[in-house]
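*Asks:* no FASTA, just this:
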Ligand code: AMP
């Protein structure tokens, strides 16, 4: 968990590699649905571009589908989910059905000023969705596609996403803090590898 631009995707990818378990990022799944032009993608679009959350039932459907399968045995990382208390409760029900427990909630902490700067520098590939920084050249290092700003990284949308985070997502941390799942708080300011080290230390405790 963490506000927009905290580095959830970047750290999630590193952890996925380190632990060798699949990562389910609801934002990535929604962007993929938009690119594919599915009905869910079309519905999600107006919420995403306005910086609002996609309705809980849509998100819980995505997560239920992702976790169905052999996931319980291998473990998994959830990235950018749950973002509301209702989603956390829904996740609890899904995990109960699968007889799986969460080992930890990782909360990446980054001040607003850093977030606004990071998001204005972020570009994504129009074709494959890879995220790149300001120093990565003019075309996608993965597939050679065009790099564009993410549509929801416009300053006014970022402000709304931060408000939404404070109003709807921050309460999820309080909810987990009063549960039996350990919440690992990590300072998200630093280089990617510094933050990855903190995440690793935090979860190994
Ligand atoms: P992200 O890539 O995680 O920053 O997500 C981008 C956008 O997708 C968010 O601003 C929301 O509009 C939507 N989204 C992603 N995950 C969720 C979620 N768990 N609940 C509701 N909306 C979500």
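*Replies:* Now that the structure is in, tell me what you want to look at. These figures come from a predicted structure and were not determined experimentally.

*Asks:* ok, which stretches of the protein are strands?
*Replies:* Ranges of strands within the chain are 23-25, 77-79, 105-109, 123-125, 131-132, 147-149, 183-187, based on DSSP state E.

*Asks:* which of the ones you listed has the lowest average pLDDT?
*Replies:* Note on those: strand 131-132 shows the lowest mean pLDDT, a mean of 86.

*Asks:* Okay, now the unreliable bits of this protein?
*Replies:* 70-73 (pLDDT under 70).

*Asks:* Geometric centre of it: which residue is closest?
*Replies:* residue 80 (2.6 Å; Cα atoms, centre = their mean).

*Asks:* just checking, that residue touches residue 29?
*Replies:* No. Using Cβ atoms under 8 Å, residue 80 is not in contact with residue 29, being 9.4 Å away. Heads up, the C-betas are built off the backbone N, CA and C, glycines and all.

*Asks:* Any residues of the protein in contact with the ligand? List them.
*Replies:* 4, 26-27, 30, 47-48, 51-54, 59, 80-81, 83, 87, 152, 161 (Cβ under 6 Å from any ligand atom).

*Asks:* Now the residue nearest to the centre of the chain, what are its backbone angles?
*Replies:* phi 80, psi 20 (degrees, to the nearest 10).

*Asks:* Which residues are in contact with it?
*Replies:* 8-9, 25-27 (Cβ atoms under 8 Å, 6 or more residues apart in numbering).

*Asks:* rerun that using 10 Å as the cut-off
*Replies:* Counting by Cβ atoms under 10 Å, 6 or more residues apart in numbering, residue 80 makes contact with 1-2, 4, 6, 8-9, 12, 24-30, 59, 169.
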